[in-house]
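Visitor: what's the 3D shape of this:
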Amino acid sequence: MNNSSEDDAFSVYRPPLRHPVLPVEILEYVLRSVHDINDLLHVAVSNKHMNAVAVRIIYHTITLTKPRQSINCLRTLSEHPRLAILVRSLELHWQNFSHITRNSYLLALRTLCNTSLLSVLSIDVPSDFHPWNLSSCIFQLKRFSASFPCDNSLIQFLEKQPNLRDLTLRGFNSDPSDFQFNLTTFNLNPNPTPFHLSPEALPRLTRLRAIHAGPDIMESIIRGRPLKQISMPLYADCVCRSLDVLTLSSESIERLNIISFDPNAPIYLLEEIATRLPDLEALHIVILLAQCSEAVLEALAPSLRKFKALQYLTYMSATSTDNVSNESEQNIATMWHRSCPTLKTIILPMGKVWFIDNAKWMCLEDK
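Guide: Residues are numbered from 1 along each chain as shown. Purely as a prediction, here's the structure:
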C-alpha cells in the first residue's frame, strides 16, 4: 500500500451511477489482478456496482505495519461490521512499535470480534504487550500465527479452532529470566510452562512452525494429528526427546526444518533424523554454535542411506572451518547423492545451491 493512500484506503463508499456491462464475477476476476491500491480506490469511487466489487478486494487481505494506518483501519472495521465481514486475512505486524496502548489492544479485539469470516490471522506484537484474549471471537481460522506466550489462554483459543491447518507459534514457553546461555548450550526453555492440548483439538492441523518450543509443546501439538510439515528448534539438553515426538504424527512427515543449538550436532544429527524419519522428502537444517569442516561433511554420507525419498537437503552451519572450494563441494554433493539417489537439490554450509543436471552436480552460481 502506498503511503499516500494508507489513511483513506479503508473508508471508500460512493453513490451509484449505472450498472456494469460485464458480469460481477468477471469484474472481480479482473480487479484481483490490480495490485496498486490507488487504482482500486479509483475504481471504488466510480459507481456503486464497481464499488461493491472493489471494496471486497480491498478488504479481503489486510496487512497493518504502521501505527496511524493500523488505528484508522481498525477503527473503520470496528465501526462498520459490513466491511469487517469482508476480511479474510488480517496481519498485525506491530513488533517494532515503540509504544502500544491498552486502547489499541481493545480496538484490535473489537475489530476481531467483527471479522467473523476471517480465515487467516497473524499477530506479531512486543513480548510485553497486553495479553490477548480471543475467547469472544467467533471466526474459524485455517492459518494462525502469533507471538503470544505459549500459555493457557493460547491453549483455550486453539481448542476452539477445529479448521486450523497451519499454525505458527513464535512465543516463548519460559520466563525470560530463566534462559540459559553459555559456551555449550543455548536454551530458551529450561523451565517450560505446562502446555496440554486436548486430544480432540486441531484435528486438521498439517503444518506447524514452533520457533522457540521445547519437546513438551511439540509433543502436545504433534501427537495424533496429521502433521506433514514441521519447523522446530533443537536444544542441547533435549535433542533426542524433541526428535522422538516427531514420530507421534498420524501422518508421515514430509518436510522438516530444524534450527539446532547443540554444539555437537554435526556429529550425530543427520543420523538421528534419518533413523526416525526415513520418508522425509525435504530436510532443512541450520546448525548454530558449531562449524562443519570438509571432513565432517564427507563423514555424513553414510547417514543419508536411510532416507528413502529425500529430494531437497539444506545443511547450513554458522561457518565452515575452512574455505571449501567449488570442486570439494561438488565432490561432497556427488558423494551424498551416491548414498541417497533421490536427492535433487543440496545446499551446503557455504550457502551454494547444488542441483543434478544430466547426472552431474552443478552449482547455481555457474549458470
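
Visitor: doesn't Ile155 make contact with Leu134?
Guide: No - assessed by Cβ atoms under 8 Å, Leu134 is found out of contact with Ile155, at 11.7 Å. (C-beta placed from N, C-alpha, C; glycine too.)

Visitor: Now the phi/psi pair for the closest residue to Ile356 other than its chain neighbours, please.
Guide: The spatial neighbour of Ile356 that comes closest, neighbours along the chain excluded (Cβ to Cβ, 6 or more residues apart in numbering), is Lys344 at 6.0 Å. The main-chain torsion angles of Lys344 are listed as degrees, to the nearest 10 and equal phi -120, psi -30.

Visitor: List the contacts of Lys344.
Guide: Lys344 is in contact with 311-312, 355-356, counting by Cβ atoms under 8 Å, 6 or more residues apart in numbering.

Visitor: Just the ones of these in strands?
Guide: Using DSSP state E, the subset of the contacts of Lys344 located in strands is 312, 355-356.

Visitor: Selection in ChimeraX covering whichever of these are buried, please.
Guide: Under the burial definition 16 or more other Cβ atoms under 10 Å, those of those that qualify are selected in ChimeraX by:
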select :312,355,356
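
Visitor: This structure: helices as residue ranges?
Guide: Shown for the chain, the helices assigned by DSSP state H span residues 24-31, 37-44, 48-60, 67-79, 81-84, 102-114, 152-158, 215-222, 239-244, 265-276, 294-299, 326-339.

Visitor: what two of the contacts of Lys344 are the furthest from one another?
Guide: The most widely separated members of the contacts of Lys344 are Tyr312 and Ile356, with 11.7 Å between them, by Cβ to Cβ.

Visitor: Overlap in contacts, these two.
Guide: Between them, Tyr312 and Ile356 share these contacting residues under Cβ under 8 Å, 6+ apart: 343-344.

Visitor: related to what we said a few turns ago, export the helices of the chain to TSV and tack on mean pLDDT, mean neighbour count and distance to Ile138?
Guide: Shown next, in TSV, are the helices of the chain (pLDDT from 0 to 100; neighbours: other Cβ atoms under 10 Å; distance: least, Cβ to Cβ, whole Å):
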stretch	mean pLDDT	mean neighbour count	distance to Ile138
helix 24-31	71	14	26
helix 37-44	73	18	28
helix 48-60	80	19	18
helix 67-79	93	18	15
helix 81-84	94	17	12
helix 102-114	91	18	8
helix 152-158	90	17	12
helix 215-222	93	23	23
helix 239-244	93	17	35
helix 265-276	94	18	39
helix 294-299	90	16	52
helix 326-339	93	17	50
